[in-house]
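Asker: Just a sequence and a predicted model for now, questions to come.
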Amino acid sequence: MTVDYLLGRVQAVFFEKPSDFFKIILVAIEETSFEWHDPEIIVTGNFADLDHEQLYKFQGQVVQHPKYGQQFKCNQYQKKELTDRKSLINYFSGTDFPGIGTKTATKIVEKLGTNAIQQILHDDQALQTLKIPAAKKALITKQVQATYESEEIILQLNTLGFGNKLAFKIYHLYREKTLATLQKNPYQLMKDINGIGFKRADSLAKKFDLPYDYPQRIQAGLWHTINRIIGSSGNTYVPQGDLIEQTLKLLNTTRSQTVTTEQLQQNLNELIDQELIVQDQEHYCPKYLFDAEWMIARQLALLIKNFSKPNFSRDQVVQILQKQQTGKSLTYDDNQLAAILQGINSSVFILTGGPGTGKTTIINGLVQVYAQLHHYSLDPLDYEQTPFPIVLAAPTGRAAKHLAESTGLTASTIHRLLGLTGQEDLSNTEVNSLQGKLLIVDETSMVDTYLFKLLVTAIPLGMQIVLVGDRDQLPSVGPGQVFADLIDSQVFPTVKLQKIYRQAADSTIINLAHEINSGQIKETMFQNFADRSFIECNAAQVPVVLQQIVPKSQAKGFDLAQVQVLTPMYRGDAGINNLNHVLQATVNPAGARTKKITYGDLEYRIGDKVVQLNNNVEANVFNGEIGTIEGITLANEHEKTQAATHDLLHIDFEGQKVTYTKAELNNISLAYCASIHKAQGSEFQLVILVLVNQNFPMLRRNLLYTAVTRAKSKLVMVGNRQAFERAIMDDSDQRQTQLPQRLQTVFDKQPSLSTAQSAYSSSQNSEESANSYLLTLDLIRANQIDPLIGMQNISPADFLDKS
Ligand SMILES: Nc1ncnc2c1ncn2[C@@H]1O[C@H](COP(=O)(O)OP(=O)(O)OP(=O)(O)O)[C@@H](O)[C@H]1O
């Protein structure tokens with residue numbers, strides 16, 4: 001593609017977007033390298049402050065806008081320096097230099113010549129010998145440098161390898177100090193600019209010839225490594241050996257000279273002195289996490305200490321519940337009653353239970369009993385002047401919605417409750433103080449250590465807390481396993497619900513989940529029932545199987561949003577990435593006229609199913625929420641005054657509409673297949689769960705349990721039987737955290753934690769099961785059996801019997 005240019009002056013700015021300096025401008029033309037007959041042209045691109053007096057050189061291409069015709073898309077621009085006498089005198093006597101008239105302007109040009117601007121730019125003393133007041137000299141120098149500085153800095157950042165967008169971001173932050181800041185400590189970018197990691201900062205340091213043992217380099221390496229290990233393990237601390245070994249590996253692979261263990265230790269001590277990292281015996285922990293664990297323990301202890309127990313009796317509770325139960329086929333069992341009684345009498349109470357054991361039922365009972373015992377109205381209209389006494393919250397929008405629907409009260413996400421944006425500085429986050437008398441949190445197992453710390457520190461003395469969840473599910477995505485730790489610490493009243501109430505008659509999925517949880521492999525787990533089936537195949541065969549099952553589920557009336565393929569890993573034939581490609585091509589293929597936006601190796605089309613990859617508090621969409629692309633607006637379809645070069649993707653996250661620009665597409669991914677971790681807190685009518693031997697490193701009981709409990713009415717398990725069996729047997733997924741010890745210390749008890757032991761025993765693939773899997777697969781391939789079970793009450797077994 002040829003690069004054209006045009007020389008011209010800015011006449012008007014039609015549109016500007018401050019966040020990335022994108023502008024649409026009208027330029028009066030002086031010269032072009034391409035054929036152009038009008039005196040003006042529309043130019044689009046990223047520009048810093050533009051000076052109307054100034055002549056600019058814009059480089060780029062003429063593009064065709066379907067509505068507005070030809071315009072110039074600029075990739076690079078620069079000021080054409082003023083080098084003729086007349087322009088220079090006009091410039092110095094112009095509006096940028098108040099108090100400077102033609103006389104002084106002429107003096108400047110006579111003294112410094114036609115390269116006056118260059119001289120002033122590079123030498124603060126250039127005007128020294130000029131006979132004008134010192135204040136005017138200072139003003140001229142400052143103004144010239146400010147006007148030309150941004151462009152120079154952006155250009156230098158470009159040559160350092162930063163594209164315009166990032167360069168503008170960096171300049172916006174450090175302004176005239178940009179280059180000095182980067183030369184002194186390029187690693188500062190890791191902290192200040194989202195998307196710049198150690199590798200990028202380190203390659204910049206190399207360009208600036210900063211030595212391999214530059215202290216900031218070693219400290220940045222340590223900080224990067226400790227956070228990487230914590231992020232990937234979910235532990236809240238890192239053993240000394242791991243931190244040292246992995247940081248040395250990071251620092252010593254890109255430079256010829258090697259950082260020594262001593263140098264590393266020295267810099268680690270420096271980070272400890274700076275209170276960024278804390279040493280706790282042989283462990284290291286980022287200070288914000290170390291503090292968070294202590295704060296949780298202390299704040300909970302403080303709340304308990306300052307709580308006067310109301311001592312409501314069992315009879316009082318039963319009486320209220322009996323009235324509530326009239327006409328309903330529900331009689332709370334003893335354990336459920338105990339939970340409600342503990343909930344209303346405790347400062348901090350924990351309720352855990354698997355699917356269908358009555359958690360939501362108890363939340364409802366608790367709300368009613370609490371309100372009546374305290375004579376609170378549950379009508380929001382009665383609380384125009386005072387805060388509503390019962391606060392309901394959950395870690396995701398979806399869970400909050402479920403809570404609101406089941407109680408008929410308002411519920412919100414924890415982020416919203418605390419006034420968080422999701423972009424907080426981890427070391428110093430201000431949150432809203434909560435108001436109310438009782439806080440109930442649902443899906444607590446999804447709350448990580450840092451968020452829980454923010455939550456508990458916002459709870460006023462006297463407010464009661466009920467934490468509800470399922471401790472057997474996967475822990476939070478972020479570091480920690482708060483819910484399990486609070487239970488294991490044994491310092492809080494806890495009730496574990498065990499009796500399953502939901503639809504035992506016509507569903508075998510919940511029973512399967514409970515069987516998985518007990519860690520015993522049963523032959524029935526791999527048999528076919530009306531609502532679940534197992535299709536044995538290896539990783540390479542998984543795509544073929546799914547190409548059959550998913551379209552068939554649609555043909556049977558399942559909405560695509562209600563069918564979810566889940567698997568733990570991204571790579572491989574049966575990994576999330578490949579399955580997304582395969583399934584997209586199967587259920588939403590691209591036609592010749594399909595509107596699409598390409599991002600990386602993904603193509604987004606209308607109708608595609610997508611998943612949110614992080615918390616977007618502003619848009620009220622949270623990590624793991626699934627949506628559908630309901631519209632695409634391509635850049636050339638926009639109105640003139642809008643962001644003309646931005647493609648837009650319009651997504652519906654279950655009623656929550658969000659629009660992303662192309663640059664923001666790193667927030668989403670395709671979701672025909674999603675990770676089990678991302679599916680935490682979500683439920684789907686039909687779950688197709690893929691586990692294969694390649695998933696070996698991740699096969700844990702809580703992973704399988706979490707996946708199975710996402711299925712509301714149908715479950716198809718696909719993959720190696722051995723993989724499923726391994727997951728059932730391995731319950732070793734205990735994260736390393738200090739919260740139980742902190743609680744024990746604060747509550748002055750002895751640790752009595754149980755360490756989960758891995759009890760994996762490999763199962764042999766018998767000849768019999770190998771044969772049955774081949775048979776099943778052949779039949780699916782030949783389209784003779786319906787791998788979707790339970791539709792019209794027919795299972796694969798039924799098909800096999802008949803054929
Ligand atoms: N004591 C009881 N007697 C009869 N039915 C009950 C009882 N407790 C709960 N149920 C019923 O069991 C079903 C499941 O209860 P609930 O939704 O409260 O469980 P849950 O633990 O919140 O489940 P999940 O986590 O899967 O949402 C509901 O239909 C509920 O009415």
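Answerer: Looks like it arrived, so ask away.
Asker: hey, let's count contacts and neighbours off CA atoms from now on
Answerer: Fine.
Asker: what's near enough to touch the residue positioned nearest the centre of the chain?
Answerer: When CA atoms, centre = their mean is applied to the chain, the residue found nearest the centroid is residue 614 (1.7 Å). Applying CA atoms under 8 Å, 6 or more residues apart in numbering, one finds that residue 614 lies in contact with 622-624, 667.
Asker: Point out the residues in the stretch 401-550 of the chain that sit beside the ligand.
Answerer: Applying CA under 6 Å from any ligand atom, we find that the stretch 401-550 of the chain lies next to the ligand at 501-502.
Asker: Can you identify the element that follows the particular helix or strand that has residue 151 in it toward the C-terminus?
Answerer: Taking DSSP states H and E as the criterion, residue 151 maps to helix 134-159. Next in sequence after helix 134-159, counting helices and strands by DSSP H and E, comes helix 164-174.
Asker: how about that next one as CSV, C-alpha atoms only?
Answerer: C-alpha atoms of helix 164-174 as CSV (Å, rounded to 0.1, in the frame of the first residue of the first chain):
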residue,chain,number,x,y,z
ASN,A,164,0.6,5.9,18.5
LYS,A,165,-2.2,4.8,20.8
LEU,A,166,0.2,3.6,23.6
ALA,A,167,2.5,6.5,22.9
PHE,A,168,-0.3,8.9,23.6
LYS,A,169,-1.3,7.1,26.7
ILE,A,170,2.3,7.2,28.0
TYR,A,171,2.7,10.9,27.1
HIS,A,172,-0.7,11.8,28.7
LEU,A,173,0.6,10.3,31.9
TYR,A,174,4.1,11.7,32.2
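Asker: Could you list every helix and strand in contact with it?
Answerer: helix 134-159, helix 178-184 (3 or more CA pairs under 8 Å, 6 or more residues apart in numbering; DSSP states H and E).
Asker: buried stuff in the next helix or strand after the last one?
Answerer: Per DSSP H and E, the first helix or strand lying C-terminal to helix 178-184 is helix 188-192. The neighbour-count criterion (16 or more other CA atoms under 10 Å) identifies 188-190 as the buried residues of helix 188-192.
Asker: Per-residue confidence, the residue nearest to the centre of the chain, what does it come out as?
Answerer: Looking at residue 614, its pLDDT is 82.
Asker: Surely it is in a strand?
Answerer: No: membership of residue 614 in a strand is not supported by DSSP: H, G, I helix; E, B strand; the rest coil, which gives coil.
Asker: who are the neighbours in contact with residue 181?
Answerer: Taking CA under 8 Å, 6+ apart, we find residue 181 in contact with residue 174.
Asker: Please tell me how far it sits from the ligand.
Answerer: Taking CA to the nearest ligand atom, to the nearest Å as the measure, residue 181 falls 52 Å from the ligand.
Asker: Same question for residue 202.
Answerer: Following CA to the nearest ligand atom, the distance that separates residue 202 from the ligand is 47 Å.
Asker: likewise residue 16?
Answerer: 48 Å.
Asker: helix/strand/coil for residue 74?
Answerer: Classification of residue 74 using three-state DSSP returns strand.
Asker: Could you find the closest non-adjacent residue to it?
Answerer: The shortest distance from residue 74 to any residue that is not its chain neighbour, by CA to CA, 6 or more residues apart in numbering, is 4.4 Å, and that residue is residue 60.
Asker: and the helix or strand hosting that neighbour, which strands flank it?
Answerer: Following DSSP H and E, one finds residue 60 within strand 55-65. The partner list of strand 55-65 in its sheet, established with DSSP bridges, is strand 4-17 (antiparallel), strand 69-80 (antiparallel).
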